[in-house]
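Colleague: the sequence and its predicted three-dimensional model are supplied below.
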Amino acid sequence: MSIMVTNESIKKNGFGVTINGIGIPRDKIFGGEDSKLNLPFSITYLDANSEVLKSQTGDVSLKGVLALLMCTEGYLEGYIDNELHRLNKYDAFMLSQSVYGKLSAVSPDFKAIAVGCDLEYYFTHIDNMIDTNIQIQLSETKNISVPLKQFKSICSILSTLCQRIEEEENNDVSFLPPDRQAIRQNIIREMLISSINVLACELINSILITLPPQPANRGRKDEIVKSFMKLVHDNYQTHRDLKFYADKLFLSPKYLSSLVKQRTHRAPAEWIDQRVISYAKQLLGYSDTSVKQIASIMNFPDQSFFGKYFKHRVGMSPKAYRQSMKGV
């Protein structure tokens with residue numbers, strides 16, 4: 001579907017979002033690995049006229065990052081895994097890596113803040129704040145209704161971050177000796193990263209309020225399951241066998257299977273299959289990649305093997321699934 005975009009008011013001022021009285025240009029990216037400070041996160045302000053929302057197909061894809069979309073005005077609708085989602089004012093929406101989606105509608109007054117986070121940074125820093133069961137719930141939660149107080153607090157943090165990043169990007173410190181320049185840049189970088197950690201804590205705190213109580217952290221076992229989940233995130237496109245993951249964790253397949261099932265109520269194969277099938281569905285539904293190419297991308301021996309694997313788990317062939325997504 002194409003995106004419905006008609007906006008009059010935004011065209012007049014050219015700003016994507018106004019926070020604390022400051023107009024921020026739409027589509028400007030603050031931070032990111034290509035920035036002067038080489039930050040593991042980026043912040044972008046979007047509105048209904050943003051280029052990413054005005055593409056011909058409405059397709060959106062992410063790879064190697066986790067993204068958070070916070071709606072400050074209007075609404076946005078779109079499909080992920082053939083499921084319709086709606087983002088309303090003061091809602092947050094979490095998108096995981098390797099996601100393909102299709103936007104279906106954007107209100108004329110839509111405004112949002114998009115935060116992208118490097119996957120490695122997430123697993124190294126933010127993921128360590130929570131235990132396995134909560135991590136799993138978070139990964140399965142997309143729409144988040146954030147209390148207004150927390151929403152404004154998060155937006156305030158983002159506003160401050162953008163202003164400071166902009167200042168540092170334009171700050172000329174060439175008068176300092178090279179060693180002091182490097183030290184100063186590292187200090188500023190760590191300060192900004194600490195701020196994004198504060199933002200993550202605010203968001204997680206908001207989500208935890210609505211989640212049901214969870215069992216207490218069980219130490220070593222919990223860490224093993226976390227490590228397994230990260231390995232699946234990193235390797236599901238090339239490795240679907242349990243032995244690969246067990247070897248990486250220096251465990252027997254039987255023990256790993258028992259532990260993962262005990263802690264998550266799902267077998268390891270189910271977690272692996274979920275990632276594989278989800279990505280395959282995204283490629284089939286939202287790209288022109290051929291079935292043969294998809295089989296190759298996902299490290300299947302051939303197209304036939306991939307077809308059997310997919311049909312056994314989905315109930316239809318890859319070709320039939322693609323046709324169903326296109327309404328054929």
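Modeller: Noted; the coordinates are in hand.

Colleague: going on from the stretch of helix or strand Leu283 belongs to, what's the next piece of helix or strand?
Modeller: Element membership of Leu283, judged by DSSP states H and E, is helix 268-286. Moving toward the C-terminus from helix 268-286, the next helix or strand (DSSP H and E) is helix 291-297.

Colleague: which elements pack onto that next one?
Modeller: Applying 3 or more Cβ pairs under 8 Å, 6 or more residues apart in numbering; DSSP states H and E, we find helix 291-297 packed against helix 268-286, helix 303-314, helix 318-325. Quick note: C-beta positions are derived from backbone N, CA and C, even for glycine.

Colleague: spatially central residue for this protein, please.
Modeller: Leu66 (2.4 Å; Cα atoms, centre = their mean).

Colleague: and the helix or strand that it is a member of, how far from the chain's centre?
Modeller: Per DSSP H and E: Leu66 is located in strand 65-73. Computed by Cα atoms, centre = their mean, to the nearest Å, the chain-centroid distance of strand 65-73 equals 9 Å.

Colleague: quick one on the thing from earlier: the residue nearest to the centre of the chain against Ala114, yeah?
Modeller: No - Leu66 lies out of contact with Ala114 (Cβ atoms under 8 Å); the separation is 11.5 Å.

Colleague: okay, and the beta partners of Cys117?
Modeller: Phe41, Leu66 (DSSP bridges).

Colleague: okay, now the nearest residue to Arg275 once chain neighbours are set aside: neighbour count?
Modeller: On the basis of Cβ to Cβ, 6 or more residues apart in numbering, the spatially nearest residue to Arg275 that is not a chain neighbour turns out to be Tyr236, at 4.0 Å. A count of nearby residues for Tyr236, using other Cβ atoms under 10 Å, gives 22.

Colleague: ok, Tyr236 - contacts?
Modeller: Going by Cβ atoms under 8 Å, 6 or more residues apart in numbering, Tyr236 touches Ile272, Arg275, Val276, Tyr279.

Colleague: is it true that the third one touches Arg240?
Modeller: Yes - counting by Cβ under 8 Å, Val276 touches Arg240, with 6.2 Å between them.

Colleague: who's more crowded, the two?
Modeller: Applying other Cβ under 10 Å to Val276 and Arg240 shows that Val276 carries more neighbours, namely 22 against 19.

Colleague: hang on, the earlier thing: now for the helix holding Leu283, which elements pack on it?
Modeller: So helix 268-286, by 3+ Cβ pairs under 8 Å, 6+ apart, packs with strand 99-106, helix 220-235, helix 242-248, helix 253-264, helix 291-297, helix 303-314, helix 318-325.

Colleague: okay, the ones you listed in JSON lines with mean neighbour count next?
Modeller: Shown next, in JSON lines, are these (neighbours: other Cβ atoms under 10 Å):
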{"stretch": "strand 99-106", "mean neighbour count": "20"}
{"stretch": "helix 220-235", "mean neighbour count": "18"}
{"stretch": "helix 242-248", "mean neighbour count": "17"}
{"stretch": "helix 253-264", "mean neighbour count": "17"}
{"stretch": "helix 291-297", "mean neighbour count": "17"}
{"stretch": "helix 303-314", "mean neighbour count": "16"}
{"stretch": "helix 318-325", "mean neighbour count": "17"}
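
Colleague: which one of these has the lowest average pLDDT?
Modeller: For those, mean pLDDT drops lowest on strand 99-106, to a mean of 75.

Colleague: in the stretch 51-200 of the chain, which spans are helices?
Modeller: 119-124, 132-140, 148-170, 178-210 (DSSP state H, counting those that start in this stretch).

Colleague: quick one: which of those helices is nearest Val106?
Modeller: Among the helices of the stretch 51-200 of the chain, the nearest to Val106 by Cβ to Cβ is helix 148-170 (19.8 Å).

Colleague: what is that closest one packed up against?
Modeller: Right, helix 148-170 is packed against strand 15-19, strand 22-25, strand 29-31, strand 41-47, strand 65-73, strand 111-118, helix 178-210 by 3+ Cβ pairs under 8 Å, 6+ apart.

Colleague: the inter-axis angle of it versus strand 65-73?
Modeller: 120 degrees (axes from the mean of the first three to the mean of the last three Cα atoms, to 10 degrees).

Colleague: that older thread, of the helices and strands packed on helix 148-170, flag the one that's most buried.
Modeller: Counting by mean count of other Cβ atoms under 10 Å, strand 41-47 has the highest mean neighbour count of the helices and strands packed on helix 148-170, with a mean of 24.

Colleague: what is the rounded mean pLDDT of that one?
Modeller: Rounded mean pLDDT across strand 41-47 is 87.

Colleague: about what we covered before: reformat the helices and strands packed on helix 291-297 as TSV; add distance to Asn49.
Modeller: As requested, these are exported to TSV (distance: least, Cβ to Cβ, whole Å):
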stretch	distance to Asn49
helix 268-286	23
helix 303-314	38
helix 318-325	28
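
Colleague: which one of those helices lies closest to Glu83?
Modeller: Glu83 sits nearest to helix 268-286 of all those, at 10.6 Å, using Cβ to Cβ.
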